[in-house]
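J.: Fold the following, please.
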Amino acid sequence: MLELVKAGGWPMIPLLLLGVLALAIVVERFWSLRRKEILPPGLGEEVRAWAARGQLEPAHIESLRRNSPLGELLAAALDVRNRPRDQIRERIEDTGRHVVHRMEKFLNALGSIASAGPLLGLLGTVVGMIQMFLGIQDSGVGDVNALAGGIGKALVCAAAGMIVAIPALLFHRYFRGRVTGYVMEMEKEATALVDALEARHPRPVVRPSGAAAAAPAPTSA
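T.: Reported below is the predicted structural model:
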């Protein structure tokens, strides 16, 4: 492995750094996006039970907010539980944008690594080809070592760029899909909580009043 790195020359240095950074991001995201950390089992049902029993003290809501991303979303709904449904939904959406932004932390960097890896590999390939042609210019086509060294550097850098980029791209898509799945489930739990709040405090139905309400509907001749 060390011989391959040496054969690739200086373009291998940024490729190795990108590979280490990508590995660190993947490990961190696997740890941070564990399901029990994002969607604790039974939390939605527990909060709906709180709402049904009227146990919505500020201490409960604050503890829920610090529990998890799902807890933060449900706490945002409870903060404005006495407002109309559309205002509750608006608060949930505003909080959800912040929650999703935190869940997607470092994913843009991982996507950038997936894009930059092949470019750095191509750069190493170009550098290797340039050195090969310079060797031909100095020593002629009879110097096999100069030709082999240039071609070897080009191939090693191209392969290293793909080795870094392909896993980074796959994990980037994987984590994006995981976050999207979490968002769908969080929306489902938030909607269930809003329905529970509305069932406990139903909104009065506004009926027309006055003569217009009492007037019979016209009949056709």
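J.: Scan this structure for its longest helix.
T.: helix 144-200 (DSSP state H).
J.: Off-centre distance for that helix?
T.: The chain centre lies 9 Å from the centre of helix 144-200; the measure is CA atoms, centre = their mean, to the nearest Å.
J.: average pLDDT for that helix?
T.: The average of the pLDDT scores along helix 144-200 is 86.
J.: which helices and strands does it pack with?
T.: helix 2-8, helix 12-32, helix 35-38, helix 43-53, helix 69-79, helix 85-103, helix 107-139 (3 or more CB pairs under 8 Å, 6 or more residues apart in numbering; DSSP states H and E). Yep, even glycine has a C-beta here, placed from its N, CA and C like the rest.
J.: Return the most buried member of those.
T.: Across those, averaging neighbours per residue (mean count of other CB atoms under 10 Å) puts helix 69-79 on top, at a mean of 22.
J.: what's the angle from that helix to helix 144-200?
T.: Angle, helix 69-79 to helix 144-200, by axes from the mean of the first three to the mean of the last three CA atoms, to 10 degrees: 30 degrees.
J.: what does helix 69-79 contact?
T.: Residues outside helix 69-79 that contact it (CB atoms under 8 Å, 6 or more residues apart in numbering): 38-40, 43-44, 47, 51, 56, 61-62, 64-66, 88, 91-92, 94-96, 99, 102-103, 182, 186, 189-190, 193-194, 197.
J.: how close does the residue nearest in space to the middle of the chain get to residue 36?
T.: Centrality entry for the chain: nearest residue to the mean C-alpha point is residue 104, 2.9 Å, by CA atoms, centre = their mean. Separation of residue 104 from residue 36 (CB to CB, to the nearest Å) stands at 19 Å.
J.: same question, residue 69
T.: Counting by CB to CB, the gap from residue 69 to residue 36 is 12 Å.
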